[in-house]
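K.L.:
Fold the following for me, if possible:
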Amino acid sequence: MEVLELDPSLLLGVKEIDEQHKELVDLINHSREILQSDQDLTELAQIFHRLEQLVIHHFSAEELLMVKYKYPGLKHHKEMHDISVNSIFDLDVSHIASDPSVGTALVDQLSEWLFNHIKEDVDMVTYLKSKGAC
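P.N.:
Next up, the predicted model:
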């Protein structure tokens, strides 16, 4: 499994959002490390729980900024957040112990979701910057 990196092209220029994206990358990478080692998978369940909490916090922070600066795409962006929480983060880690490929697939799915999410944030961040949010 490949280590994720948040290259400069994926830094959006809003400190709070970029720091949260970096923390998500770190948690996903830590999940990969656990899956590649013989570590106790209990820690993996804790990391997935932390990922979910961070994503909910991150989405709330973005949504507060969008409301504050009257982002015209708020409704659509919030819908994308809701879909992510209801689908990607409906994690069932109980099968990972019996089939490690489930964990690998889950971490790969999280990685893909994160990079798609960051790309979806570009228009919103561009708007926020134009309103002096950064």
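K.L.:
buried ones in the longest helix along the chain?
P.N.:
Ranked by residue count under DSSP state H, the longest helix found in the chain is helix 100-130. Residues 102-104, 106-107, 110-111, 113-114, 117-118, 121, 124-125, 127-128 are the ones in helix 100-130 that count as buried (16 or more other CB atoms under 10 Å). Bear in mind the C-beta positions are built from the backbone N, C-alpha and C, glycine included.
K.L.:
Model confidence at Asp18, what's the number?
P.N.:
You'll see Asp18 listed with a pLDDT of 91.
K.L.:
Which residue, other than its chain neighbours, is closest to it?
P.N.:
Distance criterion CB to CB, 6 or more residues apart in numbering; nearest residue to Asp18, sequence neighbours excluded, is Leu11 at 5.1 Å.
K.L.:
Quick one: distance of the longest helix of the chain to the chain centre.
P.N.:
6 Å (CA atoms, centre = their mean, to the nearest Å).
K.L.:
what's the answer for stretch 67-85, then?
P.N.:
Relative to its parent chain, stretch 67-85 has a centroid offset of 15 Å by CA atoms, centre = their mean.
K.L.:
Export it to CSV, keeping only CA atoms.
P.N.:
The C-alpha coordinates for stretch 67-85 follow below in CSV (Å, rounded to 0.1, in the frame of the first residue of the first chain):
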residue,chain,number,x,y,z
VAL,A,67,-22.6,30.2,5.8
LYS,A,68,-20.5,33.1,7.2
TYR,A,69,-19.3,34.1,3.7
LYS,A,70,-22.6,33.3,2.0
TYR,A,71,-21.2,30.7,-0.4
PRO,A,72,-23.7,30.2,-3.2
GLY,A,73,-22.9,26.5,-3.5
LEU,A,74,-23.5,25.7,0.2
LYS,A,75,-26.6,23.5,-0.4
HIS,A,76,-24.8,21.3,-3.0
HIS,A,77,-21.6,21.2,-1.0
LYS,A,78,-23.4,20.2,2.2
GLU,A,79,-25.3,17.5,0.3
MET,A,80,-21.9,16.1,-0.8
HIS,A,81,-20.8,16.1,2.9
ASP,A,82,-23.9,14.3,3.9
ILE,A,83,-23.4,11.6,1.3
SER,A,84,-19.8,11.1,2.4
VAL,A,85,-20.8,10.7,6.0
